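Visitor: would you be able to build a 3D model of this:
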Amino acid sequence: MRFAVHPLLVFALLNFVAPVRAQISATNEPWPGIFIHSETRTNPPTRLFVAEVDLTNPKLHLRVAPGGPDPDGAGKWETTLMLPTKIADREKFDLVINGDFFIARGVNDGEGTNAAFRAEQWAYTEGPAMTDGKTWSIGTNARPSLVVYTNGTVGIETLLRPAADDYEVVGGNVMLVQDGAAVAHLNKIRHPRTVVGLNAAKTRLIVMIVDGRKPGIAIGMNYDELAAEMLRLGCHDAVNLDGGGSSVLAVRDAATGEMKILNEPTDGRERAVADVLGISVNQP
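Guide: Residues are numbered from 1 along each chain as shown. As a prediction, this is how the structure comes out:
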């Protein structure tokens, strides 16, 4: 018995593309308590890097550090832009990511060779920022922030300015996950991203860097996609930090002592930023 095959079914079979699973790198531990892996996907083109940090490890220390010194004292400018790896070398960080959204004097955002951000440009952050108990930036509106408290615990909360029991603060722009649920957003634009989150017990910090603006390789993620990833990674709360050309993840090579950038920033190199979130490891 013969069966007639509908032309549309033939067309569908010929054009069917089986989904390709993500290529996930083996998890490595460059420093005790810091676990890193990367993922590459093809549908859609995606590349991301994840660092999971054991906050119960007493040898790990989270700090927020500005770029250069305050250039105008009591004026509106708070710091000068500096490369994240240079800040990491100065502060002896073993892992570093970019931090707050910022405004640089006389600079419009751009990508690649069009990017005008340079080290030593005057800048201020758009959200709250605190380093070692000293508030050096206050936002114009309350922003979700990652906070290290004076007792050493870590949390995520919405702040206009750091509180008395805060010790380190870095601000983002939107919550992605709150109380274990994704926060819905109307904005569906994909960009390179830097995201931080905490598990429910606040014993694990999850850092995710998403490459983007690379057609066919990495198109970035929108807020909803970021939330889904952070939930998958076990986050109870997560906040979006500055992204775009600023997104960077660098780790110190224990053998050489050099900082190595793991992702591919859109400028083709790391961008000078106003501040960073860094982790230092006390070795025995």
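Visitor: only C-alpha atoms from now on, for both contacts and neighbour counts.
Guide: Noted.
Visitor: strands along the stretch 51-200 of the chain, start to end?
Guide: 60-66, 79-80, 95-98, 102-104, 122-125, 129-131, 134-137, 143-149, 154-159, 166-171, 174-178, 181-182, 193-198 (DSSP state E, counting those that start in this stretch).
Visitor: can you list these in JSON lines and add mean neighbour count?
Guide: Listed next are those as JSON lines, based on neighbours: other Cα atoms under 10 Å:
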{"stretch": "strand 60-66", "mean neighbour count": "22"}
{"stretch": "strand 79-80", "mean neighbour count": "25"}
{"stretch": "strand 95-98", "mean neighbour count": "28"}
{"stretch": "strand 102-104", "mean neighbour count": "19"}
{"stretch": "strand 122-125", "mean neighbour count": "25"}
{"stretch": "strand 129-131", "mean neighbour count": "26"}
{"stretch": "strand 134-137", "mean neighbour count": "18"}
{"stretch": "strand 143-149", "mean neighbour count": "25"}
{"stretch": "strand 154-159", "mean neighbour count": "20"}
{"stretch": "strand 166-171", "mean neighbour count": "28"}
{"stretch": "strand 174-178", "mean neighbour count": "23"}
{"stretch": "strand 181-182", "mean neighbour count": "19"}
{"stretch": "strand 193-198", "mean neighbour count": "27"}
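Visitor: figure out which of the ones you listed is closest to residue 240.
Guide: Ranking those by their distance to residue 240 (criterion: Cα to Cα) puts strand 193-198 first, at 4.7 Å.
Visitor: and the pLDDT for residue 1?
Guide: pLDDT recorded at residue 1 is 42.
Visitor: same check on residue 112?
Guide: For residue 112, pLDDT reads 72.
Visitor: how close does it sit to residue 95?
Guide: Distance check for residue 112 against residue 95: by Cα to Cα, to the nearest Å, it reads 24 Å.
Visitor: what do you get for residue 125?
Guide: Distance from residue 125 to residue 95, by Cα to Cα: 21 Å.
Visitor: how about the contacts made by residue 263?
Guide: Taking Cα atoms under 8 Å, 6 or more residues apart in numbering, we find residue 263 in contact with 48, 49, 209, 211, 248, 249, 250.
Visitor: what subset of these is buried?
Guide: 48, 49, 209, 211, 248, 249, 250 (16 or more other Cα atoms under 10 Å).
Visitor: for the last one, helix, strand, or coil?
Guide: Put plainly, it is residue 250. Counting by DSSP: H, G, I helix; E, B strand; the rest coil, the backbone at residue 250 sits in strand.
Visitor: so it sits against residue 97, correct?
Guide: Yes. If you go by Cα atoms under 8 Å, residue 250 and residue 97 touch, sitting 6.7 Å apart.
Visitor: and the closest residue to residue 239 other than its chain neighbours, how far from residue 34?
Guide: Residue nearest to residue 239 in three dimensions, not counting chain neighbours: residue 175, with 4.5 Å by Cα to Cα, 6 or more residues apart in numbering. Distance from residue 175 to residue 34, counting by Cα to Cα: 24 Å.
Visitor: with residue 63 instead?
Guide: Relative to residue 34, residue 63 is positioned 15 Å away (Cα to Cα).
Visitor: and if you look at residue 216?
Guide: Distance from residue 216 to residue 34, counting by Cα to Cα: 30 Å.
Visitor: in terms of neighbours, single out the busier of the two.
Guide: The neighbour comparison of residue 216 against residue 34 (other Cα atoms under 10 Å) goes to residue 34, with 23 against 12.
Visitor: look up which residues are beta-bridged to the more buried one.
Guide: Listed by DSSP bridges, the beta-bridge partners for residue 34 are residue 31, residue 53.
Visitor: would you agree it is in contact with residue 50?
Guide: No. Residue 34 is beyond contact range of residue 50, at 10.2 Å (criterion: Cα under 8 Å).
Visitor: follow-up on the earlier one: let's have the strands of the stretch 51-200 of the chain in JSON lines, adding distance to residue 38 and mean pLDDT.
Guide: JSON lines is the format used below for the strands of the stretch 51-200 of the chain (distance: least, Cα to Cα, whole Å; pLDDT from 0 to 100):
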{"stretch": "strand 60-66", "distance to residue 38": "22", "mean pLDDT": "98"}
{"stretch": "strand 79-80", "distance to residue 38": "31", "mean pLDDT": "98"}
{"stretch": "strand 95-98", "distance to residue 38": "15", "mean pLDDT": "98"}
{"stretch": "strand 102-104", "distance to residue 38": "27", "mean pLDDT": "96"}
{"stretch": "strand 122-125", "distance to residue 38": "29", "mean pLDDT": "98"}
{"stretch": "strand 129-131", "distance to residue 38": "29", "mean pLDDT": "98"}
{"stretch": "strand 134-137", "distance to residue 38": "33", "mean pLDDT": "98"}
{"stretch": "strand 143-149", "distance to residue 38": "23", "mean pLDDT": "98"}
{"stretch": "strand 154-159", "distance to residue 38": "24", "mean pLDDT": "97"}
{"stretch": "strand 166-171", "distance to residue 38": "24", "mean pLDDT": "98"}
{"stretch": "strand 174-178", "distance to residue 38": "21", "mean pLDDT": "98"}
{"stretch": "strand 181-182", "distance to residue 38": "22", "mean pLDDT": "98"}
{"stretch": "strand 193-198", "distance to residue 38": "14", "mean pLDDT": "99"}
